[in-house]
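>>> could you work out the structure for the sequence below:
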Amino acid sequence: MNHNEEGYIKFACHWTEAPALIPESVFDEVNAARHRMLEKGLIGCYDNGIGFGNISIRNPEVPEQFFITGSATGHIKEGAPAIYALAERWDIARNTLWCKGPLRASSESMSHAIIYDTCPEVQCVIHIHSMELWKKAIREIPCTPGHVSYGTPEMALAIRDLILFGKMQDHGILAMKGHEEGIVMFGRSATEAERQINI
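Next up is the predicted model:
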């Protein structure tokens with residue numbers, strides 16, 4: 001297995017280049033939500049050019065799959081079908097994803113995948129960044145442990161455990177203590193996922 005200097009398994013993305021695959025109606029729903037997150041500065045690009053935040057939506061034709069914004073797309077203001085990749089399958093333990101589309105899937109895909117695996121009713125997952133909201137969130141809502149780094153199998157499993165064993169019955173939102181600014185929202189639609197931000 002491939003480990004980084006911290007001992008975590010590196011994210012491996014097996015990408016098959018292909019034309020945009022996301023259906024128009026699915027794109028319209030998820031991209032409208034993405035645009036609203038961009039307007040609020042919750043998805044975007046830092047001054048150093050590094051993008052942050054991403055959004056995904058379950059594939060209605062194959063519910064075991066999902067569409068997710070591609071890697072390094074935070075700077076793109078006007079979304080298009082070409083910025084979405086189809087996550088076809090994944091292996092959480094090996095931190096490995098197989099995807100298809102014009103771009104590689106986001107390296108945050110595993111956090112989305114574990115939510116879809118754990119919650120069959122969830123149709124949309126949104127990962128946002130906000131220092132102000134994050135500081136409030138880590139005091140008020142369920143959080144993953146501070147020692148768990150983002151982009152690792154440990155983070156995906158921590159999210160799963162929080163959903164299954166944490167007090168999340170009234171929440172479709174969690175904060176990542178080990179990922180400063182990171183908050184994840186999810187719901188039965190893009191609109192429901194967005195509404196979770198009222199913490």
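
>>> so what strands line up beside the least confident helix or strand in the chain by mean pLDDT?
Lowest by mean pLDDT, DSSP states H and E among the helices and strands of the chain is strand 51-52, with a mean of 88. Sheet pairing for strand 51-52, assigned by DSSP bridges, gives strand 44-45 (antiparallel).

>>> quick one: contacts of the partner strand?
L38, G51, F52, G53, G74, H75, H129 (CB atoms under 8 Å, 6 or more residues apart in numbering). C-beta: built from backbone N, CA, C; applies to glycine.

>>> who touches S189 in this structure?
E29, Q123, C124.

>>> in stretch 163-177, which residues are buried?
I163, G166, H171, G172, I173, L174, A175, M176, K177 (16 or more other CB atoms under 10 Å).

>>> and the last one, how close does it get to G187?
What that stands for is K177. K177 sits 22 Å away from G187, going by CB to CB, to the nearest Å.

>>> pLDDT value on E88, please?
Here, the pLDDT recorded for E88 equals 98.

>>> dump the residue contacts of it.
Q65, W98, C99, K100.

>>> what about the residues you listed, which are in helices?
Applying DSSP state H to those, no entry is found in helices.

>>> which ones among those map onto strands?
Judged by DSSP state E, these include W98, C99, K100 as members of strands.

>>> export those residues to JSON lines and tack on pLDDT and neighbour count?
Listed next are those as JSON lines, based on pLDDT from 0 to 100; neighbours: other CB atoms under 10 Å:
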{"residue": "W98", "pLDDT": "98", "neighbour count": "17"}
{"residue": "C99", "pLDDT": "98", "neighbour count": "27"}
{"residue": "K100", "pLDDT": "97", "neighbour count": "18"}
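
>>> out of these, which one sits closest to D47?
C99 (28.8 Å; CB to CB).

>>> how close does the closest residue to that closest one other than its chain neighbours get to K177?
In space, and not counting its chain neighbours, C99 is closest to A105: 4.1 Å by CB to CB, 6 or more residues apart in numbering. From A105 across to K177, the span is 25 Å (CB to CB).

>>> same question, D117
To K177, D117 is 22 Å away according to CB to CB.

>>> what comes up buried for the top helix by length along the chain?
Looking across the chain with DSSP H, the single longest helix is helix 24-39. Buried residues in helix 24-39, counting neighbours by 16+ other CB under 10 Å, are found at V26, F27, E29, V30, N31, A33, R34, M37, L38.
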